[in-house]
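**Student:** Could you work out the structure for the sequence below:
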Amino acid sequence: MTDYLNPRIKDLRNFARQNAKKYQDAQPFPNIVFEDFFRTEFLDLICDEFPDLAKKDSQRFENAKQLKFAGIGEKFYGPETKSLMHFLNSEPFLRFLQILTGIKEPLIGDPYFIGGGQHEIKKGGLLKIHADFNKHSKLRLDRRINVLIYLNKNWKEEYGGHFELWDRSVTNCVKRISPQFNTMAIFSTTDFSYHGHPDPLQCPEDRSRKSLALYYYSNGRPQHEVIAGQEDHSTIFKNRKGNEQDAKVFKNAKTKALVKDLMPPIIYRKIKKLSKK
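**Tutor:** Predicted coordinates:
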């Protein structure tokens, strides 16, 4: 364990107890940010192994609400990355999360890394404010916690790419987190934990915003964390109140959805294919 963590963290469980109240009392929903949580020399190796996902057979999310790349399971993990990700799904780290968050139901890591793993956003990329999908597609478990680890050295403020946490009405950004190297954000995922990277990235062409994402689950969850009637849903995107860019994006998305519903599928696919040329 000491090979992964900053030497100042002598005991993960005690570290969790010391930070539990801060996490559980945080606004707009339970969250915490740790800097230098991992041993710098080890995280350097993770950076060295991180591929250019745009040049790989990766998952590509390309629309007005999200423009990013994601790995597929362990497909692109190097040996050090695989070692770290397995540790983050292990009993010691799960117990750390259990104590930190105060979640009563036993937590389970995701060995499939569905939706998680390696993430990369290029210049102009974004991820609009949203609440996450709330069920594991294979295991049918309830999604409870996100852990995000940022891998961006010498990241400048003007590049943007801040991770934002928004209030329930999506009116105010309560917390902004710069995606600096060796920064770890942890937060509880419910149908009301709105978050994202909503504005286009302004980094140079030869830079990108890299991160590792891990999601944790339980068998069952409190009912107040779920929108009634939507116990199993995909990502729920929200427009920021008063934001003209978001208003335009969401209006266009509704129009496209209506056109798709009304148009014969074969014609819609043909038009979509031609529009990409």
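**Student:** Please parse the chain into its domains.
**Tutor:** 12-241, 243-277 (automatic domain parsing).
**Student:** could those domains go into JSON lines alongside distance to D3, mean neighbour count and mean pLDDT?
**Tutor:** In this view, the C-beta of every residue, glycine as well, is placed from N, C-alpha and C. Below are the domains of the chain laid out as JSON lines (distance: least, CB to CB, whole Å; neighbours: other CB atoms under 10 Å; pLDDT from 0 to 100):
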{"stretch": "domain 12-241", "distance to D3": "6", "mean neighbour count": "17", "mean pLDDT": "97"}
{"stretch": "domain 243-277", "distance to D3": "43", "mean neighbour count": "11", "mean pLDDT": "65"}
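**Student:** For N6, which of these is the nearest?
**Tutor:** N6 lies closest, by CB to CB, to one member of these: domain 12-241, at 5.3 Å.
**Student:** Quick check: end-to-end length of the closest one?
**Tutor:** Using CA to CA, to the nearest Å, one end of domain 12-241 lies 40 Å from the other.
**Student:** next one: stretch 119-132
**Tutor:** 15 Å.
**Student:** Which parts of the stretch 101-250 of the chain are helices?
**Tutor:** Taking DSSP state H, counting those that start in this stretch, the helices of the stretch 101-250 of the chain run over residues 244-262.
**Student:** What segments of it are strands?
**Tutor:** Taking DSSP state E, counting those that start in this stretch as the criterion, the stretch 101-250 of the chain carries its strands at 108-109, 117-121, 126-131, 142-150, 163-166, 173-177, 183-188, 195-197, 209-218, 236-237.
**Student:** quick one: the residue lying closest to F192 once chain neighbours are set aside and H86, what's the gap?
**Tutor:** Using CB to CB, 6 or more residues apart in numbering and skipping the chain neighbours, the partner closest in space to F192 is R168 (5.0 Å). Look at R168 and H86: by CB to CB, to the nearest Å, they are 35 Å apart.
**Student:** And Q98, by the same measure?
**Tutor:** Distance, Q98 to H86, using CB to CB: 18 Å.
**Student:** Out of the strands of the stretch 101-250 of the chain, which is closest to A20?
**Tutor:** Across the strands of the stretch 101-250 of the chain, closest to A20 is strand 183-188 (CB to CB), at 11.5 Å.
**Student:** Does anything pack onto the closest one? Which helices or strands?
**Tutor:** strand 31-35, helix 91-101, strand 142-150 (3 or more CB pairs under 8 Å, 6 or more residues apart in numbering; DSSP states H and E).
**Student:** let's see 6 Å
**Tutor:** strand 31-35, strand 142-150 (3 or more CB pairs under 6 Å, 6 or more residues apart in numbering; DSSP states H and E).
**Student:** Nearest to E225, out of those strands?
**Tutor:** That would be strand 142-150 among the helices and strands packed on strand 183-188, by CB to CB, at 8.4 Å.
**Student:** by how many degrees do that closest one and strand 117-121 diverge?
**Tutor:** Relative orientation of strand 142-150 and strand 117-121, computed by axes from the mean of the first three to the mean of the last three CA atoms, to 10 degrees: 60 degrees.
**Student:** what about strand 142-150, distance to the chain center?
**Tutor:** 7 Å (CA atoms, centre = their mean, to the nearest Å).
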